[in-house]
Every structure is written in structure tokens, then in C-alpha cells.
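A.B. asks: Give me a 3D structure for the following:
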Amino acid sequence: MSLLHQMLRRLLIALVAACSLAAACSGSSGRDARYPRRRPGCELAVYNGLPTGAWNDIGVAEVGCYLDESEITCLGRLRVEACRMGGDIIYNVPKRALRPVERGMIYRAMVAHTRDAKKADDGPAPSADAGSGAIEPLPSAAAVAPPPPAARDAGAH
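C.D. replies: Model prediction:
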């Protein structure tokens, strides 16, 4: 190998190592601290469509399996991944696996966590009589008193 090829190879290795180090030290785990990891085999509500009730999306779970494995095994891996992500709901689960390669299949679904109904509204709780009672019409524009005239500045001539 020539000296130029050796130098380019070392430069490429150094560049790959620097990029790997930068990615590892980025400090962002990408996880929502509100939903810690759950043990494998945790209880999950599974939906082919959208779930019922209120939920917060966590992210997308995706698993790949060889065709030699059963679909049940592959779906089991999808459930384990949803638990690892901290979800208690997995939805938009396809009825059939994707087949992007000849000897493999992929399952991809959304992972979410049930939202507490009490905490669903971040605003203050409405009062007991909010929206109740008789409707009072607003006064017409003619009935509203005109604003007082602006006071003149004493120093202006």
C-alpha cells in the first residue's frame, strides 16, 4: 500500500472514531422521563387502530425477525420493546408483517402511555358554575357611555 493510501485510511478511521464519540457523548437519551422502562412482559393494551381514552405518544417501536421465526415470536419482541420504552399501550399494530427483504419481516407500531384524566388539562379547574346560569345580552353600542375626553397637557400651548 502506498503512503497516501495509508494516510487516507488512518484519516478515515480517525473521522469515524470522532463521529462515534460525538454521537455517544451527545447527552440526549431521547426518552421521556415521565415514562420509565418497564419489565419485559409488562401488561399492554394492544390495538390494531387507535386506542380509546386519552394517551401520550412515546414513539415508534420496530422489530425485525427472520422468516424462520414465527409471527408470534416477532410480535412478542414488539411487546418487549414497547415495555422497554415505558408504554402501556401499543397501537396501529399491523395484521401482517412488512416484508422488506426476502428472508425477513418487520413489525412497526406506535407506543403510548395512558394519560391520567385528572392531569389531562393543564389549565386551572373550572369553577362549579362556569357556563351555568342565565344568559345576559351585551349592551348595545349606543347604550355604552362614551369615554371621557382626554385631559389636555397644562404645559402645551
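A.B. asks: quick one: P149 is in a strand?
C.D. replies: No: applying DSSP: H, G, I helix; E, B strand; the rest coil, one finds P149 to be coil, outside a strand.
A.B. asks: what's near enough to touch it?
C.D. replies: For P149, the contact set (Cβ atoms under 8 Å, 6 or more residues apart in numbering) is empty. Where C-beta positions appear, they are placed from N, C-alpha and C, glycine not excepted.
A.B. asks: So for it, what's the pLDDT?
C.D. replies: P149 is assigned 71 on the pLDDT scale.
A.B. asks: now K95
C.D. replies: If you check K95, the pLDDT there is 89.
A.B. asks: pretty sure it contacts G49?
C.D. replies: No: using Cβ atoms under 8 Å, K95 is not in contact with G49; the gap is 10.8 Å.
A.B. asks: Which parts of the protein are strands?
C.D. replies: Here the chain has its strands, by DSSP state E, at 45-46, 55-66, 89-91, 98-101, 104-114.
A.B. asks: who touches the longest one?
C.D. replies: Identification of contacts with strand 55-66 by Cβ under 8 Å, 6+ apart yields 32, 34-35, 73-74, 77-78, 81-82, 85-87, 89-90, 97, 103-115.
A.B. asks: What's the local residue count around the nearest residue to T73 once chain neighbours are set aside?
C.D. replies: Leaving aside its chain neighbours, T73 sits nearest to C65 (6.7 Å; criterion: Cβ to Cβ, 6 or more residues apart in numbering). For C65, the neighbour count with other Cβ atoms under 10 Å is 19.
A.B. asks: Could you give the bridge partners of C65?
C.D. replies: M105 (DSSP bridges).
A.B. asks: so how far is M105 from it?
C.D. replies: 6 Å (Cβ to Cβ, to the nearest Å).
A.B. asks: Find residues that contact each of the two.
C.D. replies: In contact with both C65 and M105: 74, 97, using Cβ under 8 Å, 6+ apart.
A.B. asks: Could you double-check that E71 sits in contact with L98?
C.D. replies: No: look at E71 against L98 with Cβ under 8 Å: they stay out of range, at 11.7 Å.
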